[in-house]
Each structure stands twice: as C-alpha cells, then as structure tokens.
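Novice: Sharing a model that was predicted from the sequence below.
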Amino acid sequence: MSDIVMRNALDGGDDDVWAQYEQAQNILGGIGANTRYLYLSGGTLYLSPGMIGITPDTSHYYAVSNTVARSISVAGKTASCWAQIELSISGGIVVTAITSMAGETNPASIPANFANSYDGTKGGFYITASNRCVGVVWINAAGVPTGVVNGIGGIDGYVGYGTSDDANTVNYDFFYINKNIGKRVLDVYSKSALFTIPSDTHDKIVFCTSGTWNLTFPSAATVGSGCEIIVILGAIGTGVITCVRNGTDTFSGLTTLTLQEQYKCYRFTSDGTATWIANSEPPMTGWTSWTPTITNLTAGAGTNIGYYRKIGKMVHFYTNWKFAAGAAIGGALTLNFPVTISSNYGQETPIGIVRILDSGTATFAGYIFSSGLIMVGNASGTYLSMSNIANTVPMTWTTNDELTMQGAYESA
C-alpha cells in the first residue's frame, strides 16, 4: 500500500508559488482519485490496482492507492444474491468489506440501494455513509461470483453485468450515466423458447435465435412511457414468434402480433398506459425470394423469379418472366404484389417500370400501376399513351421473350 502521495497547503508552512503548485497537485489528484475497479478472473473477485481516494488528517490530505490486485473472498455470502463491496480507510490503510444485500435476488436488476446511493459531494456511491461502495457483485446459486457492476468514479453512473442461473444463461448488461435527462438501462437477452420479458423500466433487446414460440410482453403501464423493447429475429427459418400481450394491452391496436421475417428488427415503445407502439426496422439481410403471379398470364414451361425487400413500410420489388412453350396471355395483365399495397394511392398511380424483350428483335417500355395493372407504351398517336399487353401486343409473344418489372410502393 501507498499512503502519502500529495500534501495540501493547509499547515501554513508553504506559500507563494510552492503553495499554488501543491494546490494544483491536489486538484489533479482529486480528479484521478477513483481509478480502481472490481473484476472477475477464474471465478475470483478482485479489486484492481489504482487510486482509492483522498482522506484528511488535521493539516494534510492523503491520497491512498491500491498498488496490487487484491482478491476479495465471497465465502459465506448468500447465493443467488447481490453483494456490495465497500472500502474504508483507517490510518492510510484500506479496509475491504463485502456484505450480502438482503432481498436483492434478481440478476437482471441493479440493487436499488446501490443505484440510488450516489453522493455528489463525496463523488461516489455510499450505501453506508462513511464507506465508499466500489460496486456490487452477483453470486450465483453455486456461490461463485459471476457478474460485477462498478460505480464510475466521480460520476453518478455505473457499468457492468449480471448473469442468470437459468438453462439459457445470458448476461444482463448495465450502463447508466446521469446526464440529467433520465435513467437509461439496457438489458440484453438471447432466447430460443418461451420467454416472459421482465416488468421493469429498463430498455431491452431480445434476440430470437430459433423456433416457434411465444414472447410475452410486460404491462405498458408498469414499465412507463418511453420504455423500448427491440426484438431481433435471427435465423428462425420458417419459425414464428408470437407476441403475447399483458392484460388488455395492445400492439398498435392489435391484441396479438406475429413476427416471422428472419433477420428483421422490430421496435416496440410503451405509451405508459395500455399500448406498445410497434415499428419495424430495415431488414439486416438481402432480398427475400418471391414467386410472383400475374392475372391472365399462363406461364406454361416458362420461368419466373421475384425478389422484394421491405424497409419500414416501403416495399421494393423485382420480377422477371421468361416465356416458353405453353405460355399465353388471356387479357389485361395484373401483378399480385408481394405485400399488400397502401390504399392511399390513386387507382392508376405509376409505381414502377416495365421492360419487354422481343428476343433478338427489340425492347419496349411501359409502366406498372398501383392497381397492379401492367401496360406498355403506345407511340401511334401524337402523344405517348399506354396500352394493355396482349398475345400480339406489343409483339407476338414467343419462346425466350421476357417481361421484367421493378418498382417500389408504400405497404398498407
């Protein structure tokens, strides 16, 4: 241990430039007085080397530091419970104490006694008025420390994690800094089976990794206005995640909501009363395969491919039809969209372009409209007009001719 590191000019023995130099040292020392932290290694809890704090006697200030990593035993402490680690200084020597926190048995929630104990005057967390609480540790069912949260020195804030003891062991990550704009804590879960989201005020991310199962939401009134839950679907394949409401809550007016597009992100925001406002975020992968159908078009032995991508409410699509034996057109062509189109459009609003290939001869241009109607440009008059596609319009369709479309529209 190191005891005397700096001396405050309070004894009257120093003045002028030297006294000012000492005072400057003390300011710098105060800023860096809390540089130690708790950490875990090999199932053991340690206090790192670093500054512990500054303690005065009658005429001097002493800065005390921990010069080597110090192990802290959790023997005899309550299992499946948080424990607080407190430091006190006696005669320039640091005394470390660890105490189980009665009733604090939830690894997903920071103990309130710790979170609410920041003393701005002292610049640290003080559950006990005379002892600085450096942080808290989660002790699992086997009596082993598996999670640790450190108070951030000189700031009303903390950072760290807790770990669950269930079959799907996950970390609960904590980060909080008081910026006078409210508390923001984020919990992260990775789940592949039935799960109920905890009813606290923390924002949450839930990774759904596989399968078909129910995800039960907490009460919007309990978690409060502005609380956010982000649900990310991983490689769930054909799986379906069903969002189950709490009581009479709704998901933007819906009593249930199913999520089934893998690699997509959904954001839910509580209104603080009885609604989770649902918004989908952009997919985190490429296009989705789609087999398009066109009314009045018989594909025969031809091929057709399609892809679409939904970003928010905006749908981008692409499709290509290649004609072969047996293909035929029986009337005006209408594309059936991959996602229902919004009713905000007029009946004949252009939403995409059409390219027609008369194989080895020519290409023609046209439009696809919000009704799904597919038309080709007609240049026979003074002004360009549009005509329905038919067996002989804009040419006689035959093998290797192609119909290609791409566009974008707002979904319902």
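Specialist: On my side now, so go ahead.
Novice: can you give me the helices in the protein?
Specialist: Assigned helices in the chain, in chain order: 16-31, 112-115, 220-223 (criterion: DSSP state H).
Novice: and the longest one, what's its mean pLDDT?
Specialist: Spelled out, that is helix 16-31. When pLDDT is averaged along helix 16-31, the result is 38.
Novice: and what of the last one?
Specialist: Summarised as a single mean, pLDDT over helix 220-223 is 92.
Novice: Domain-wise, how is this structure divided?
Specialist: For the chain, the domain assignment from automatic domain parsing gives the residue ranges 185-285, 288-410.
Novice: quick one: the longest one to chain centroid distance?
Specialist: This means domain 288-410. Mean C-alpha position of domain 288-410 versus that of the full chain (CA atoms, centre = their mean, to the nearest Å) differs by 39 Å.
Novice: switch to numbering from 56
Specialist: New numbering, starting at 56: the last item is domain 343-465.
Novice: Quick check: mean pLDDT of that domain?
Specialist: What domain 343-465 shows for mean pLDDT is 90.
Novice: That domain: end-to-end distance?
Specialist: Between the opening and closing residues of domain 343-465 there is a gap of 17 Å (CA to CA, to the nearest Å).
Novice: Can you list the low-confidence ranges for the stretch 156-305 of the chain?
Specialist: Where the stretch 156-305 of the chain drops to pLDDT under 70, the residues are 176, 208-211, 220-225, 231-241.
Novice: do that again at 50, thanks
Specialist: Screening the stretch 156-305 of the chain residue by residue with the criterion pLDDT under 50, one finds the ranges 222-223, 234-239.
Novice: how about the strands of the stretch 356-467 of the chain, start to end?
Specialist: For the stretch 356-467 of the chain, the strands defined by DSSP state E, counting those that start in this stretch occupy 358-366, 369-377, 383-391, 405-413, 417-424, 429-433, 440-443, 457-465.
Novice: Mind putting these into CSV with mean neighbour count and distance to Phe262?
Specialist: Where you see a C-beta, it was placed from the backbone N, CA and C, and this is true even at glycine. As requested, the strands of the stretch 356-467 of the chain are arranged in CSV below (neighbours: other CB atoms under 10 Å; distance: least, CB to CB, whole Å):
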stretch, mean neighbour count, distance to Phe262
strand 358-366, 16, 21
strand 369-377, 19, 25
strand 383-391, 16, 34
strand 405-413, 18, 35
strand 417-424, 17, 38
strand 429-433, 19, 41
strand 440-443, 14, 48
strand 457-465, 19, 29
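Novice: Output these as CSV; include the columns distance to Tyr216.
Specialist: Listed next are these as CSV, based on distance: least, CB to CB, whole Å:
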stretch, distance to Tyr216
strand 358-366, 33
strand 369-377, 37
strand 383-391, 49
strand 405-413, 48
strand 417-424, 52
strand 429-433, 56
strand 440-443, 62
strand 457-465, 41
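Novice: Go through the ones you listed and name the closest to Leu352.
Specialist: Proximity to Leu352 (CB to CB) singles out strand 383-391 among the strands of the stretch 356-467 of the chain, at 5.6 Å.
Novice: Ok, which of the strands of the stretch 356-467 of the chain comes nearest Val243?
Specialist: With CB to CB as the measure, strand 358-366 is the member of the strands of the stretch 356-467 of the chain nearest Val243 (24.6 Å).
Novice: now that closest one and strand 457-465, what's the angle there?
Specialist: Here the directions of strand 358-366 and strand 457-465 differ by 20 degrees (axes from the mean of the first three to the mean of the last three CA atoms, to 10 degrees).
Novice: So in that sheet, which strands flank strand 358-366, and in what orientation?
Specialist: strand 343-344 (antiparallel), strand 369-377 (antiparallel) (DSSP bridges).
Novice: Minimum distance to Thr303: which of these has it?
Specialist: In this view, those are compared for proximity to Thr303 by CB to CB, and strand 369-377 is the closest at 32.1 Å.
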